[in-house]
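A.B. asks: Structure for the following, please:
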Amino acid sequence: MNSPAPALLHSAFYAFVDLPDPAGVVAELRRISQGVLGSILVATEGVNGAVAGPSTEVQAFEQALRSPGFCDGVFAAMVFKHSQALTPPFGRMVVNLKPEIVALGKPEVRAAAPDASHLSPQAWRALLAEPDVVLLDNRNRFEHRLGHFVGTPSPPVGNFREFADHVEAMAPQWRAERRKVAMYCTGGIRCEKTGAWMQSLGLETYQLQGGILNYFAQMPDAERDWVGECYVFDRRVALDTHLSETATTAEQVYDPSQPDEAWRLARALRLDQLDDDPST
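C.D. replies: So this is what the prediction gives:
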């Protein structure tokens, strides 16, 4: 009888920091990531990525990234979100230089430092119970369709790059009604990029600190507030509220009749080509 495959450790991370030499950071990341597989994006605004492998190798990578000797210690405070994986999440290690680590299409927007608008999972649950809160899913339609917080309408965007247009169209109404806007995304990074921009539009905006994955990690009864599963941009496809991968397949996630989803399905099925932006 064959023994089950050992679980791999998946580690997701990001940091908005000024990087004067992003190409140099790319080279250093390639150097320290020899024992893991994954996808990392680097831009002048910071890094965004995920890696996976045996726990000892992942921990060695994290330690190297946070060490004082790596880029003068700029990532010393990096936070890593962990989950287990039976399916190897990635087929290779890719580190890419990009104009943005989150493709909002507004490179002039700078993520703000964490403040009172960043809500802990416990505070987020309390906000969900308030009346007249605008729940904003800061993801794509197919992600929402697979799972979302109770009461959240489907985002009217096929791609995150369309998110800004939707917010700009709705902002006058939300301001006039003086409504709080509570937004969330998978790991928190999309909200980091859009939160400061939305506040500049005069919106009272709040975001779930650490995103859905942090909510699942911190709230043992997350299923009280969540319907379905959470899509993740790797070979595991989806996680349940206990951060365990499910049996959901890419074919069950995407609607091939929708042009903005057909190409995603084709990409997902190329399992050895997973070098795309993990935040799109």
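A.B. asks: For the residue lying closest to Ser11 once chain neighbours are set aside, name its beta-bridge partners.
C.D. replies: In space, and not counting its chain neighbours, Ser11 is closest to Phe80: 4.7 Å by C-beta to C-beta, 6 or more residues apart in numbering. (Each C-beta comes from the backbone N, C-alpha and C, glycine too.) Beta-bridge partners for Phe80, by DSSP bridges, are Phe13.
A.B. asks: show me what contacts Phe80?
C.D. replies: If a contact means C-beta atoms under 8 Å, 6 or more residues apart in numbering, then Phe80 has Ser11, Ala12, Phe13, Glu62 as its contacts.
A.B. asks: Show me which positions of the lowest-mean-pLDDT helix or strand in the chain end up buried.
C.D. replies: Least confident element among the helices and strands of the chain, by mean pLDDT, DSSP states H and E: helix 259-269 (a mean of 84). For helix 259-269, burial by neighbour count (16 or more other C-beta atoms under 10 Å) applies to Glu261, Arg264, Leu265, Ala268.
A.B. asks: Equivalent analysis for stretch 88-102, please.
C.D. replies: Pro88, Pro89, Phe90, Gly91, Met93, Val94, Val95, Lys98, Glu100, Ile101, Val102.
A.B. asks: what mean pLDDT does it have?
C.D. replies: Averaged across stretch 88-102, the pLDDT comes to 93.
A.B. asks: any idea how far the spatially most central residue of the chain is from Ile101?
C.D. replies: Closest to where the C-alpha atoms of the chain average out (C-alpha atoms, centre = their mean) is Gly187, at 3.5 Å. Using C-beta to C-beta, to the nearest Å, Gly187 is found at 12 Å from Ile101.
A.B. asks: which residues are in contact with both of those two?
C.D. replies: With C-beta under 8 Å, 6+ apart as the test, Gly187 and Ile101 both reach Tyr14.
A.B. asks: any weak-confidence spans in the stretch 151-280 of the chain?
C.D. replies: 158-160, 271-280 (pLDDT under 70).
A.B. asks: Which parts of the protein are strands?
C.D. replies: Under the criterion DSSP state E, strands of the chain are mapped to 8-16, 37-43, 46-53, 80-85, 93-97, 118-119, 134-137, 147-149, 180-184, 204-208, 226-228, 230-231, 238-239.
A.B. asks: Which of the ones you listed sits closest to Ala196?
C.D. replies: Between Ala196 and the strands of the chain, the tightest spacing by C-beta to C-beta is seen for strand 204-208, at 8.9 Å.
A.B. asks: And the closest one, what does it pack against?
C.D. replies: strand 118-119, helix 121-128, strand 180-184, helix 189-200 (3 or more C-beta pairs under 8 Å, 6 or more residues apart in numbering; DSSP states H and E).
A.B. asks: Now render these as CSV, adding mean neighbour count and distance to Val232.
C.D. replies: Shown next, in CSV, are those (neighbours: other C-beta atoms under 10 Å; distance: least, C-beta to C-beta, whole Å):
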stretch, mean neighbour count, distance to Val232
strand 118-119, 19, 22
helix 121-128, 16, 18
strand 180-184, 22, 15
helix 189-200, 22, 13
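A.B. asks: would a markdown table of these with distance to Glu229 be doable?
C.D. replies: Below are the helices and strands packed on strand 204-208 laid out as a markdown table (distance: least, C-beta to C-beta, whole Å):
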| stretch | distance to Glu229 |
| --- | --- |
| strand 118-119 | 23 |
| helix 121-128 | 18 |
| strand 180-184 | 15 |
| helix 189-200 | 18 |
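A.B. asks: of all these, which lies closest to Asp137?
C.D. replies: Closest among these, using C-beta to C-beta: strand 180-184, at 6.7 Å.
A.B. asks: nearest spatial neighbour of Val109, skipping sequence neighbours?
C.D. replies: Trp197 (4.7 Å).
A.B. asks: just checking, that neighbour touches Gly105?
C.D. replies: No. Shown here, Trp197 and Gly105 do not form a contact pair, counting by C-beta atoms under 8 Å, at 10.9 Å.
A.B. asks: Can you check which residues contact both of the two?
C.D. replies: Shared contacts of Trp197 and Gly105, counting by C-beta under 8 Å, 6+ apart, come down to Ala164.
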